[in-house]
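1. this one's structure only:
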């Protein structure tokens, strides 16, 4: 998905000083609403990045949207747009999205199926909800690539995880390993990504890697983690040092959450629009190449419309 804000914020992101300390309680990150386009556009709830915390492992961007009635909003129709220095992770709870990219990939995002795209040196893609979609509901996540891989070649991977049962919950692991399930999808730093459906009033304890920091995004329901209650659209954060993670559904309805994690990302990155670099100069170069239709990003075939133009750069150096 594109960051379609007309005046995207420029952020320098890096691991925070407290990332290597176990915490007694979860830090709660609230979402802000971001409209993607005009008056009939979708609105996403963005919990990462924000001033309080910019990274969880290498996860640098968390957008949560829906359930969105496409008859009211028109659904998702994101024209060709670029990415650098990252991987995009698309995960749906309902609906269907058609994906095309400049690698030549043509695929569909469906509930319970992972689409992961690598845009290191440069890639372009489109995302359009299909005519069969009535409700669109899911998450779009970005992963920052470490310095040695930030110019990685374009790539696209599709994976359908097999759900596993754990203490009153159904777990789908789309990246990394959890609850005995291991995803074969390639990443460039240690990562975890999983959807959990937790039965009413159920409590489960998961064994996790103590070297990871974790984030828990609540889609629906009310979940207690590390003594902290998290409500829908909130993202709970736990630092490193935890060998287990206990989650309790405090409601009489099923709860759905997305668990992300990874080792602290110890590099500073610069994020602006759909680009991740290491300096202001990296962002300026990527924007110039996109506006010039350089070979760096390639072309997306099959989309009946124009490319997204890059917004104007901020009037200050991104530092």
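-> Ah, there it is. The model shown is predicted, which means the values in this text are computed figures rather than measured ones. Numbers count the residues shown, from 1 in each chain.
2. got the buried residues for stretch 121-140?
-> 121-130, 133, 136-140 (16 or more other Cβ atoms under 10 Å). (C-beta placed from N, C-alpha, C; glycine too.)
3. ok, the residues you listed vs residue 3, which is closest?
-> Lowest distance from residue 3 to the buried residues of stretch 121-140 (Cβ to Cβ) belongs to residue 140, with 9.6 Å.
4. moving C-terminal of the helix or strand of the chain with the lowest mean pLDDT, what's the next helix or strand?
-> None of the helices or strands of the chain scores lower by mean pLDDT, DSSP states H and E than strand 11-13, at a mean of 76. Next along the chain after strand 11-13, taking DSSP states H and E as the criterion, comes strand 27-29.
5. list the buried residues in that next one.
-> Applying 16+ other Cβ under 10 Å to strand 27-29 flags 27-29 as buried.
6. and residue 159, how far from residue 150?
-> Noted for residue 159: a distance of 23 Å to residue 150, by Cβ to Cβ, to the nearest Å.
7. swap that for residue 25, sorry
-> Residue 25 is 34 Å from residue 150, by Cβ to Cβ.
8. can you give me the helices in the stretch 1-150 of the chain?
-> 70-73 (DSSP state H, counting those that start in this stretch).
9. how about residue 288, secondary structure?
-> helix (DSSP: H, G, I helix; E, B strand; the rest coil).
10. what number of residues lie near it?
-> 13 (other Cβ atoms under 10 Å).
11. same thing with the one 5 residues further on?
-> Counted with other Cβ under 10 Å, residues neighbouring residue 293 total 12.
12. what residues are bridge-paired with the most centrally placed residue in the chain?
-> For the chain, the residue nearest the mean C-alpha position is residue 141 (0.7 Å; Cα atoms, centre = their mean). On DSSP bridges, the residues paired with residue 141 through beta bridges are residue 62, residue 89.
13. same deal with residue 111?
-> In beta-bridge terms (that is, DSSP bridges), residue 111 pairs with residue 92.
14. so who does it touch?
-> Contacts for residue 111 (Cβ atoms under 8 Å, 6 or more residues apart in numbering) come out as 92-95, 138.
15. between the residues you listed, which has the most around it?
-> Going by other Cβ under 10 Å, residue 138 tops the contacts of residue 111 with 26 neighbours.
16. OK, contacts around it?
-> 64-66, 90-95, 109, 111.
17. so how far is residue 191 from the nearest residue to it once chain neighbours are set aside?
-> Using Cβ to Cβ, 6 or more residues apart in numbering and skipping the chain neighbours, the partner closest in space to residue 138 is residue 92 (3.7 Å). Taking Cβ to Cβ as the measure, residue 92 falls 19 Å from residue 191.
18. then residue 301?
-> 30 Å.
19. these two: who's more crowded?
-> Per other Cβ under 10 Å, whichever of residue 301 and residue 191 has more neighbours is residue 191, with 23 against 12.
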